[in-house]
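Novice: just a sequence and a predicted model for now, questions to come.
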Amino acid sequence: VAEELNLRPARPGDLSAVRALLETAALPLDGLEDQFPAAYVVAVSEGRVVGAAGVETHGPDGLLRSVVVDSPLRGVGLGERLARDRIEWSRAQGLASLWLLTTTAAGFFPRLGFLPADRASAPALLRASREFTSACPASAACQRLPLAAG
Ligand SMILES: CC(C)(COP(=O)(O)OP(=O)(O)OC[C@H]1O[C@@H](n2cnc3c(N)ncnc32)[C@H](O)[C@@H]1OP(=O)(O)O)[C@@H](O)C(=O)NCCC(=O)NCCS
């Protein structure tokens with residue numbers, strides 16, 4: 001891939017492009033607008049949004065969601081950059097831990113430090129989120145990354 005791939009904070013006008021990426025990847029749209037654009041990052045190539053990732057904050061903890069890369073650009077490290085950006089954002093926000101649910105990419109997140117977790121042990125505020133209650137099936141893998149020191 002010759003052209004530059006830059007990350008930048010999401011803007012209100014990115015919503016439709018992010019929605020289209022999620023739709024194409026068959027990822028949940030539920031709740032996308034709740035914390036958009038403040039909690040989202042996008043990857044841009046030649047002015048076009050080609051990737052995204054977001055963190056829903058629920059009390060002291062976060063939910064990493066909507067990690068997506070346009071399929072022609074997968075496999076060059078962009079997904080990892082987007083996810084690492086949100087991990088650093090979550091640390092800067094002072095979140096205690098970051099959780100995720102995934103049916104499609106359980107093998108992707110352990111390289112970033114995520115460990116398998118029991119969905120039922122997630123904090124109550126996270127379990128009340130739309131991803132936990134309706135968007136992600138019970139069969140989804142649940143993973144957790146502790147962020148707070150000690
Ligand atoms: C998952 C996704 C974001 C990864 O983005 P990407 O830019 O292709 O990832 P990277 O190039 O950073 O890949 C890094 C590594 O992850 C691996 N990987 C990529 N997607 C994977 C997946 N779905 N499952 C397991 N491993 C995966 C790659 O093989 C690569 O491994 P390597 O370094 O050993 O070769 C991208 O495949 C995608 O958009 N998938 C569809 C949406 C999705 O399932 N998102 C997760 C929802 S929570």
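Specialist: That came through fine. Numbers count the residues shown, from 1 in each chain.

Novice: so where's the protein uncertain?
Specialist: 1-3, 149-150 (pLDDT under 70).

Novice: tell me what the most centrally placed residue in it is bridged to.
Specialist: Centroid check for the chain by CA atoms, centre = their mean gives residue 65 as the closest residue, at 2.9 Å. Taking DSSP bridges as the rule, residue 65 bridges to residue 54.

Novice: extract the CA atoms of the helix ranked longest in the chain and return them as CSV.
Specialist: As assigned by DSSP state H, the longest helix anywhere in the chain is helix 78-93. The C-alpha coordinates for helix 78-93 follow below in CSV (Å, rounded to 0.1, in the frame of the first residue of the first chain):
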residue,chain,number,x,y,z
LEU,A,78,-4.1,-0.9,10.4
GLY,A,79,-6.4,-2.8,12.7
GLU,A,80,-3.7,-3.1,15.3
ARG,A,81,-2.9,0.6,15.0
LEU,A,82,-6.6,1.5,15.5
ALA,A,83,-7.0,-0.8,18.5
ARG,A,84,-3.7,0.4,20.1
ASP,A,85,-4.9,4.0,19.7
ARG,A,86,-8.1,3.2,21.6
ILE,A,87,-6.2,1.4,24.3
GLU,A,88,-4.0,4.5,24.8
TRP,A,89,-7.1,6.7,24.7
SER,A,90,-8.7,4.5,27.4
ARG,A,91,-5.6,4.8,29.6
ALA,A,92,-5.6,8.6,29.2
GLN,A,93,-9.3,8.6,30.2
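
Novice: does the ligand sit close to it?
Specialist: Yes - judged by CB under 6 Å from any ligand atom, helix 78-93 comes into contact with the ligand through 78-80. The C-beta positions use only the backbone N, C-alpha and C, and glycine is treated the same way.

Novice: residues contacting the residue of the chain found nearest the ligand?
Specialist: Evaluated by CB to the nearest ligand atom, the chain has residue 79 as its residue closest to the ligand, separated by 2.1 Å. By CB atoms under 8 Å, 6 or more residues apart in numbering, residue 79 lies in contact with 51, 67-69, 108.
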